Each structure stands twice: as C-alpha cells, then as structure tokens.
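**Student:** model this:
(one chain, ligands or ions: 1)
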Amino acid sequence: MQHVQILTGGPLPNIPWQDRPENDRHDAPIWRYTENPVIGRNPAPGVARIFNSAVCPWKDGYVAVLRGEQVNGIPHIYLGHSKDGIHWDVDPEKIPFTDEKGNPYMPIYAYDPRLIPIDGTYYMCWCQDFYGASIGMAKTTDFKTFTRLENPYIPFNRNAVLFPRKIGGLYTMLSRPSDSGHTPFGDIFLSQSPDMTFWGKHRHVMSSGGNWWEGVKIGGGAAPIETSEGWLMFYHGVSSTCNGFVYSIGGAILDIDEPSRVLYRCQNYLLTPEEPYEERGFVPNVCFPCATLQDTETGRIAIYYGAADTYVGLAFTQVDEIVDYIKRNSKTSQTDTEIGIR
Ligand code: BMA
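**Tutor:** Numbering: from 1, shown residues only. Here you go, the predicted model:
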C-alpha cells in the first residue's frame, strides 16, 4: 500500500508498465520505457511525425489524440486506438471537428492536444489559430463526433490543460499566455469557468526563472493528478543554450482546493533529453509531457511525452517515490506560494 494515494481515475490494472531498472542512476525516480519511442516516424499516410500527444483509458483499451505533423508541415489532430497503451493504430483522417449544429468546423492548424475526461465527457484543448495562436477546445462522448467549444481565451496563448474535475464547483484550466512570437518567456496561469464557455477568476500559478533548467519559460503538461498530498503536476520547463532551447519535464504539487498555490516545486528537472530519440529529431532536445495514465491501486503512473518534436515517448514513475522526490527537493518562491492575484 503506497503512502500517497491517487484519488481520481480509479483502478487501471492494464496500465502500461515496466519496473525501474535496478542499475538506474538517474536522480529522479522516473525511468523510460525500454522500447521507446512508442510512435515512430511516418505513422500514417500524409503524416510525417506524431509527438506531443495525449491518451486516456477508453473501453477495454486506450484512445489518444495525436499531434500529427502533416507532410505539408501543418499540424493537426489525429485519433489513435490501442489495446495496451503502447502499440497504436493511427486513424489516417484528421479528427472531424464540427460546430454545435454538426457542420464541419476545422481549425486552420492544431497542435499539442490534451484529452481530459470530466464526468463522462472527454474534453480536448490544443493550440490553434484564432487571429493569432490561441487555445481551441472540443468535447466528445463517443470519439466519433467532436464538437468544438468556444475558444476560452483571446490570443496569445499556446498551452492549456484542464484539471480532471471541477474545483470549488468550477471547471479549472492551466494555460500560458504569451506574445505573438516563439515566446522567450511565459508563466503558468489558472482560469475557471462555470460552463466551459466563460473563463475568468484568473490566477497566477508559477513563474519560470527560478531554476536554470526552466529559466526561459514553463507550461502546463499532463492534466494534474489528484493525490492525498495535492495536485501532482508534470509540466515542461525550457532553458536556453548557445544551441537553442532545451525542454525538460518538471514536477510540482498544487493545493487541492486552491490550486494556484504551489505547495512544493522540484528544483531539479525530473526528465531531460538524453536518449537519441530526444536529442535528435525535427527539433532536438525536447521532452514535452502531455498526458499520464495512473492506477489508484498500485500508484503506478505512465507519462506520455513528445520527444524531439518527432516521436512519442513513454516513461514511468510511482506516486510515492515521485511525490517524496518533489518534496525532498522542493524550493518555492513567493510568486509560487501566493494565491496569484494582484
Ligand atoms: C513549443 C511548442 C511545442 C514544441 C516546442 C519545441 O513552443 O510549439 O509544440 O514541442 O515548442 O519545439
């Protein structure tokens, strides 16, 4: 029995899993799937690469919303199905988004999708054009029809993920507002909505800057996991080198009822590019988490992350070990721990 409990999601006995290798010398208790990447190049007709993608349990297996970079260079979202969360069948057609009336309503481009079930409805959020990069959203209950929702924010914002349940009676979303370029800055903010249409009660969650590996910008990653210690959040942090940006995976724990308050923030990265499929690809040195699967019974967590803007990678951790590591190495600043409104 683990001493940290995962509180939402339920048992997932068929979660993809490998034990930590005995000779693993990484500081943080996160280890990669030995057969990574789980989705390789040219995975479907007209799609050159799939990365930065999100998965969730569905029927007796798993479903995924996949960032597919088409051979014309434009990203769109594709659907994937898998029995085991490791071997994926990718639909050759883009997800056919519609408006409320069922008419086709496709974004011009769409990338970095997240997929979050809340009360039986599966919500997606991604980055798309809205007279500038902003957040798009849709919902489905059957993975056949996908109905677009109102765009939650005005431009510019590139990075959004929902919490898996309402908090204080409101849907809650993390995002990273930014400017129009490939922004060399950015903090994580939180917004709430009574109806998935009107978003407000904006709060600052945490800033980049404190640690060298995430000194340039940070952004939400996987949907936060509800635990007995708070919301366990895997996010991405970016550093700048003379050879470009490096994207690593970081960890923090947010207050359960007031998630704009950071309780613990790990000053070390949890996973940084070091395998060939992370260091070499369309954009080298990128580990970009977008989803987790978790099993409430064993505390096992599987993390899906985009690797080098080219592949999907899978890594594993265990809730006790990762929460202990984050707490043991935590360093928070005032902008992390305060409620986040001025
Ligand atoms: C970010 C996003 C991600 C991408 C990353 C590295 O700004 O565009 O989709 O993985 O850059 O290229």
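**Student:** tell me the contacts of the nearest residue to residue 116 once chain neighbours are set aside?
**Tutor:** With sequence-adjacent residues excluded and distances taken as C-beta to C-beta, 6 or more residues apart in numbering, residue 116 is closest to residue 162, at 4.3 Å. In this view, the C-beta of every residue, glycine as well, is placed from N, C-alpha and C. By C-beta atoms under 8 Å, 6 or more residues apart in numbering, residue 162 lies in contact with 114, 116, 118, 123, 125, 171, 172, 173, 174, 223.
**Student:** what parts of the stretch 101-250 of the chain come near the ligand?
**Tutor:** With the criterion set to C-beta under 6 Å from any ligand atom, the stretch 101-250 of the chain comes near the ligand through 111, 112, 247.
**Student:** buried residues, stretch 153-160. List them.
**Tutor:** Within stretch 153-160, the residues that count as buried by 16 or more other C-beta atoms under 10 Å are 153, 155, 156, 157, 158, 159, 160.
**Student:** just give me the longest helix of the protein.
**Tutor:** Looking across the chain with DSSP state H, the single longest helix is helix 319-328.
**Student:** what about whichever residue of the stretch 101-250 of the chain sits closest to the ligand, which SS state?
**Tutor:** Using C-beta to the nearest ligand atom, the single residue of the stretch 101-250 of the chain nearest to the ligand is residue 112, 4.8 Å away. Here residue 112 is recorded as strand under DSSP: H, G, I helix; E, B strand; the rest coil.
**Student:** what distance do you get for the residue lying closest to it once chain neighbours are set aside to residue 142?
**Tutor:** Once flanking residues are discounted, residue 112 sits nearest to residue 52: 4.7 Å by C-beta to C-beta, 6+ apart. Residue 52 sits 24 Å away from residue 142, going by C-beta to C-beta, to the nearest Å.
**Student:** the more surrounded of the two?
**Tutor:** Ranked by neighbour count (other C-beta atoms under 10 Å), residue 52 and residue 142 place residue 52 first, with 28 against 8.
**Student:** wait, what's in contact with that one?
**Tutor:** By C-beta under 8 Å, 6+ apart, the neighbours of residue 52 are 67, 111, 112, 113, 288, 290, 305, 306, 309.
**Student:** how many neighbouring residues does the last one have?
**Tutor:** Just to be clear, that refers to residue 309. By other C-beta under 10 Å, neighbour count at residue 309 equals 20.
**Student:** surely it and residue 278 touch.
**Tutor:** No - Residue 309 is not in contact with residue 278 according to C-beta atoms under 8 Å; the separation is 10.3 Å.
**Student:** what touches both of these two?
**Tutor:** With C-beta under 8 Å, 6+ apart, residue 309 and residue 278 have common neighbours residue 286.
**Student:** what helix or strand is the closest residue to the ligand within the stretch 151-300 of the chain on?
**Tutor:** Nearest residue of the stretch 151-300 of the chain to the ligand, counting by C-beta to the nearest ligand atom: residue 283, 3.9 Å away. Under DSSP states H and E, no helix or strand contains residue 283.
**Student:** next one: the one 5 residues further on
**Tutor:** Counting by DSSP H and E, the element that carries residue 288 is strand 287-294.
**Student:** how far away from the center of its chain is that strand?
**Tutor:** 5 Å (C-alpha atoms, centre = their mean, to the nearest Å).
**Student:** same thing with stretch 110-126?
**Tutor:** Relative to the centre of its chain, stretch 110-126 is centred 10 Å away, using C-alpha atoms, centre = their mean.
**Student:** so what's residue 76 bridging to?
**Tutor:** Assessed by DSSP bridges, residue 76 has beta-bridge partners residue 68.
**Student:** per-residue confidence for it?
**Tutor:** In this model, residue 76 is scored at 98, pLDDT.
**Student:** do residue 8 as well
**Tutor:** pLDDT at residue 8 comes out at 89.
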